[in-house]
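>>> Here is the input, now give the coordinates:
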Amino acid sequence: MSDLPRKAVTRTAKLATLPLGFAGRATWGLGKRIGGRSAEIVSRELQQRTAEQLFKVLGELKGGAMKFGQALSVFESALPEEVAGPYRAALTKLQEAAPPMPTRTVHAVLAERLGEEWRELFSEFEDKPAAAASIGQVHRGVWHDGREVAVKVQYPGAGEALLSDLTQLSRFARLLGPLIPGMDIKPLITELRDRVSEELDYGLEAEAQRAHAVEFADDPDVMVPDVVHQGEQVLVTEWMDGMPLAEVISGGTPEQRDRAGQLLARFLFSGPARTGLLHADPHPGNFRLLPPLDEGENGPEGEFRLGVLDFGTVDRLPGGGLPDTIGEALRMTLEGNAEAVYDRLRGEGFVKDSIDLDPDAVQDYLLPIIEPAAVEEFTFTRGWMRDQAARIADPRSPAHQLGRQLNLPPAYLLIHRVTLSTIGVLCQLSATVRLRDELEAWLPGFLEEPADEPDDETGAEPDA
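Purely as a prediction, here's the structure:
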């Protein structure tokens with residue numbers, strides 16, 4: 001019997017406590033105000049109780065509910081500060097924690113997928129989970145050849161739970177939407193649902209992780225643990241220690257924050273260029289800050305590497321990297337070439353044929369968003385992200401009206417979400433990043449190709 005709630009009616013009932021709980025606490029808050037408590041104190045308590053319930057329900061359900069919570073948590077930087085405080089701690093918990101499944105269930109899955117003699121594969125195996133995620137939990141062990149390993153065990157019934165949760169959550173999207181101003185929650189849930197089958201397939205995950213481990217082997221900046229063994233519901237990889245990025249966010253030094261931010265941006269753009277794959281789950285629970293590559297040298301904090309985990313959700317880019325359109329449109333926007341940008345966006349389907357927009361208005365809409373690429377270095381802050389979210393969310397603003405007329409082609413949906421999520425993490429870090437350096441090094445089309453020079457002083461082309 002599964003320890004993960006599977007019946008749709010049971011899980012729907014639990015999820016239904018979210019909007020019902022929101023309404024109930026609003027009534028409770030009104031009663032407290034009538035009783036003489038100040039609105040500020042009551043509001044703070046109300047938000048705290050809501051945050052606690054959000055974590056409790058999504059964490060208990062695991063599956064798609066927790067996956068949604070993790071995706072939502074990276075956008076907390078966009079919340080107004082008076083709301084963000086109570087929610088931040090609860091949402092951050094979802095990045096690395098969830099109630100574990102019982103040991104008997106773990107052993108049953110391992111026996112079914114690795115064989116009854118599964119313990120012989122390990123010199124050591126810790127029954128207590130080291131981490132829990134949306135569709136599985138991780139146990140620490142030692143492989144029979146002496147390597148320290150992470151053993152990811154998929155929750156029984158995870159596939160059914162994911163589909164059920166995300167279907168039900170889509171019905172509550174309007175209620176959950178105000179958590180993140182300027183963001184439509186329903187497409188996020190739909191896109192997460194579309195990725196369920198891939199994330200449940202540990203064979204695809206192992207393939208993507210191996211590709212990154214090979215490409216980044218001996219890299220001075222990024223480390224990806226290799227795959228040791230892969231089964232249908234069990235994935236064994238090399239263990240990776242290090243400081244979780246969530247700890248850097250909550251208490252890291254400025255040097256750690258800036259280094260982590262720089263490497264996060266580097267991995268976002270270099271990964272697709274080097275592997276043809278886009279790591280599509282950039283929440284803090286999937287990253288670690290590691291010592292320098294050569295452990296014999298005690299280098300400064302600025303030499304730390306970025307460790308990357310969890311390749312269950314990746315975008316297999318058709319062209320073997322990020323589309324040229326992104327880099328070219330970004331470059332042309334920074335150059336002030338509004339007409340060229342507009343033509344390129346229309347050609348790619350960002351502006352539908354049935355709609356006519358003012359190219360200068362599109363330029364004005366884009367410039368504040370791409371400000372980090374316009375300068376040598378940029379400090380990402382929650383305040384900056386809140387300003388962008390508020391500018392786009394305000395129905396009275398021209399940016400809001402124009403944004404509603406733009407279209408996001410399906411091929412760019414995941415790229416867009418990953419980019420926004422990464423920016424959200426950079427804002428949580430308050431990192432100062434030389435983003436332009438990474439764009440110039442890795443983003444196709446961002447640097448204009450030099451024109452071919454003529455063969456001689458007459459300007460004639462060389463003979464064939």
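
>>> Any idea how many residues pack against H283?
25 (other Cβ atoms under 10 Å). Any C-beta I mention is one placed from the backbone N, CA and C, and that applies to glycine too.

>>> you'd agree it is up against L420?
No: contact criterion Cβ atoms under 8 Å: H283 and L420 do not qualify, at 12.0 Å.

>>> so how far is R386 from F267?
According to Cβ to Cβ, to the nearest Å, F267 stands 25 Å off from R386.

>>> Repeat that for T379.
14 Å.

>>> Then E438?
Taking Cβ to Cβ, one finds E438 at 24 Å from R386.

>>> just Q137 next, same as before
34 Å.

>>> other SSEs contacting the helix or strand containing V149?
Using DSSP states H and E, the secondary-structure element containing V149 is strand 148-154. In this structure, strand 148-154 packs against helix 103-114, strand 136-143, strand 234-238, with contacts taken as 3 or more Cβ pairs under 8 Å, 6 or more residues apart in numbering; DSSP states H and E.

>>> now the angle from the longest one to strand 148-154?
Yep, that's helix 103-114 we're talking about. Put simply, helix 103-114 runs at 100 degrees to strand 148-154, going by axes from the mean of the first three to the mean of the last three Cα atoms, to 10 degrees.

>>> Show me what counts as buried in helix 103-114.
Burial within helix 103-114, assessed by neighbour count using 16 or more other Cβ atoms under 10 Å, is assigned to T105, V106, A108, V109, L110, L114.

>>> what does stretch 339-356 give?
A340, V341, Y342, R344, L345, R346, E348, F350, V351.

>>> again, but for stretch 303-318
Neighbour-count burial for stretch 303-318 [16+ other Cβ under 10 Å]: 303-315, 317.

>>> Could you find the lowest-pLDDT member of those?
pLDDT is lowest at E303 among the buried residues of stretch 303-318; the value there is 83.

>>> That residue contacts P292, correct?
Yes: using Cβ under 8 Å, E303 is in contact with P292, at 4.5 Å.

>>> still on that earlier bit, from the buried residues of helix 103-114, which two are the most distant?
T105 and L114 (14.6 Å; Cβ to Cβ).

>>> Strands of the stretch 201-350 of the chain, residue ranges please.
Using DSSP state E, counting those that start in this stretch, the strands found in the stretch 201-350 of the chain span residues 222-223, 227-230, 234-238, 243-244, 277-279, 287-290, 305-308, 314-316.

>>> For G445, which of those is the nearest?
Nearest of the strands of the stretch 201-350 of the chain (Cβ to Cβ): strand 277-279, 16.1 Å.

>>> what helices or strands is the closest one leaning on?
helix 202-215, helix 254-275, strand 314-316, helix 413-429.

>>> for this protein, what are the low-confidence residue spans?
Along the chain, segments meeting pLDDT under 70 span 1-99, 133-134, 161-189, 191-196, 294-302, 449-464.

>>> T379 and R386: who's more crowded?
Using other Cβ under 10 Å, the more surrounded residue of T379 and R386 is R386, with 19 against 16.

>>> just to revisit the earlier point, who does the strand holding V149 pair up with?
Strand 148-154 sits in its sheet next to strand 136-143 (antiparallel), strand 234-238 (antiparallel), going by DSSP bridges.

>>> what's the most buried one of the ones you listed?
strand 234-238 (a mean of 22; mean count of other Cβ atoms under 10 Å).

>>> Quick check: buried residues in stretch 226-243?
For stretch 226-243, by 16+ other Cβ under 10 Å, it's 227-228, 230-231, 233-239, 242-243.

>>> Name the residues that touch that stretch?
The contact list for stretch 226-243, computed with Cβ atoms under 8 Å, 6 or more residues apart in numbering, reads 109-110, 112-114, 121, 136, 140-141, 143, 147-154, 156, 202-203, 205-206, 209-210, 213, 223, 225, 252, 256, 288-291, 307, 309.

>>> and what of stretch 333-344?
325, 328-329, 332, 351, 357, 359-360, 362-363, 366-367, 370, 373-374.

>>> and the residues you listed, which are buried?
T325, E328, A329, M332, V351, L357, P359, V362, Q363, L366, A373.

>>> any idea how far the first one lies from L121?
This points to T325. Counting by Cβ to Cβ - T325 and L121 are separated by 47 Å.

>>> again, but for L429
38 Å.

>>> With neighbour numbers in mind, choose between the two.
Neighbours per residue (other Cβ under 10 Å) separate L429 from L121, with L429 holding more: 25 against 19.

>>> Double-check that one against G261; I have them as touching.
Yes: using Cβ under 8 Å, L429 is in contact with G261, at 4.9 Å.

>>> Show me the common contact partners of the two, please.
When contacts are counted by Cβ under 8 Å, 6+ apart, L429 and G261 are jointly contacted by F380.

>>> secondary structure element for D437?
Here D437 is assigned to helix 435-442, by DSSP H and E.

>>> tell me what that helix is packed against?
helix 254-275, helix 371-374.

>>> ok, and what's touching the last one?
Judged by Cβ under 8 Å, 6+ apart, the contacts made with helix 371-374 from elsewhere in the structure are L330, L334, L367, F378, F380, I423, V433, L435, R436, L439.

>>> What count of nearby residues applies to the second one?
Residues within reach of L334, counting by other Cβ under 10 Å, total 18.

>>> so how far is T432 from D387?
18 Å.

>>> again with V227
35 Å.

>>> cool, and Y365?
26 Å.

>>> do D360 as well
31 Å.

>>> got it, and A441?
For A441 relative to T432 (Cβ to Cβ), the value is 18 Å.

>>> With neighbour numbers in mind, choose between those two.
T432 (17 against 13).

>>> related to what we said a few turns ago, can you say which two of the buried ones among the contacts of stretch 333-344 are spatially most distant?
Once Cβ to Cβ is applied, the buried ones among the contacts of stretch 333-344 give L357 and A373 as the farthest pair, at 22.0 Å.

>>> got the contact list for the nearest residue to W239 once chain neighbours are set aside?
Leaving out its chain neighbours, the residue that sits closest to W239 by Cβ to Cβ, 6 or more residues apart in numbering is E148, at 3.9 Å. Residues in contact with E148 (Cβ under 8 Å, 6+ apart) are R140, G141, V142, E238, W239.

>>> Phi and psi next, for S123.
Here is the backbone geometry of S123 (degrees, to the nearest 10): phi -80, psi -30.

>>> ok, it touching W143?
Yes: using Cβ under 8 Å as the test, S123 is close enough to W143 to be in contact (7.1 Å).

>>> got a list of what A208 touches?
Taking Cβ under 8 Å, 6+ apart, we find A208 in contact with L277, F311, V314.

>>> What is the neighbour count of the first one?
Meaning L277. If we define neighbours as other Cβ under 10 Å, then L277 has 21 of them.

>>> Leaving out chain neighbours, which residue sits closest to it?
The shortest distance from L277 to any non-neighbouring residue, by Cβ to Cβ, 6+ apart, is to V314 (4.8 Å).

>>> if I read this right, the one you found contacts G276, doesn't it?
No: the pair V314 / G276 is not scored as a contact, 9.8 Å apart, by Cβ under 8 Å.
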